[in-house]
Every structure is written in structure tokens, then in C-alpha cells.
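1. Can you look at this prediction? I've put the sequence above it.
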Amino acid sequence: MNSQAMGRLRRLIEGETAPGERVRRACLEAYGRAPSSQEIERSLDYVARYARALAAEGVAEEKRELGSWASFARIVFASNEFYHVD
């Protein structure tokens, strides 16, 4: 992930403690719109599953949050909607 994206991710994590608000803010910044309730639910499920996978791989607990949200951010930044915001 490039440094600009990582900087956005760190601000997102530090600025929002509630996971649902992190998803909402990421969508607002990336897509210019609020996420649907289904998008929030799916995003939170993804982040939780990714964190569990990191735990299963033996990743230290303090690195799991950043790792799982970094993966979510890569998905957002790689999405077709991000590249084609009207």
C-alpha cells in the first residue's frame, strides 16, 4: 500500500474508534457517499474474518487491527467505484 493510502488508513483508525464509523468514513472519503447497512455489515464481517486469519497465522495482537483494516483499505482503494467516482 502506498504511503498516502497508509496515511489515510492511520487517520481513519485513530479518528474513529467504532468499526461501523470507520467503514462509513472510508466510503464517504473514497466513494463520496455513505455505505448501505449491508455494505457496513459485509465490511465488518470481512475485517473480523481477516483479523481471525491473522491470529491463526500467529500475528501479534497489536498488529492485527492495523493489518485487518489495511486489507479493507486495499479493497476500497482497488474498487472500481473508487476509480470511477462521478
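-> Okay, I see it.

2. Going by C-alpha atoms from here, please, whenever you check contacts or count neighbours.
-> Will do.

3. For stretch 47-62, list every residue counted as buried.
-> Buried positions in stretch 47-62, judged by neighbour count with 16 or more other C-alpha atoms under 10 Å: 47, 48, 50, 51, 54.

4. Tell me who's in contact with the third one.
-> Meaning residue 50. By C-alpha atoms under 8 Å, 6 or more residues apart in numbering, the contact list for residue 50 reads 68, 71.

5. Need the phi and psi values for residue 58.
-> Dihedral angles of residue 58 (phi, psi; degrees, to the nearest 10) stand at phi 90, psi 20.

6. Tell me who's in contact with the residue nearest to the spatial centre of the chain.
-> Taking C-alpha atoms, centre = their mean as the criterion, residue 72 is the residue nearest the geometric centre of the chain, at 3.5 Å. If a contact means C-alpha under 8 Å, 6+ apart, then residue 72 has 43, 46, 47 as its contacts.

7. again with residue 51
-> Shown in contact with residue 51 (C-alpha under 8 Å, 6+ apart): 64, 65, 67, 68.

8. what about 10 Å?
-> By C-alpha atoms under 10 Å, 6 or more residues apart in numbering, the contact list for residue 51 reads 45, 57, 59, 61, 63, 64, 65, 66, 67, 68, 69, 71.

9. Thanks again, I'm all set now.
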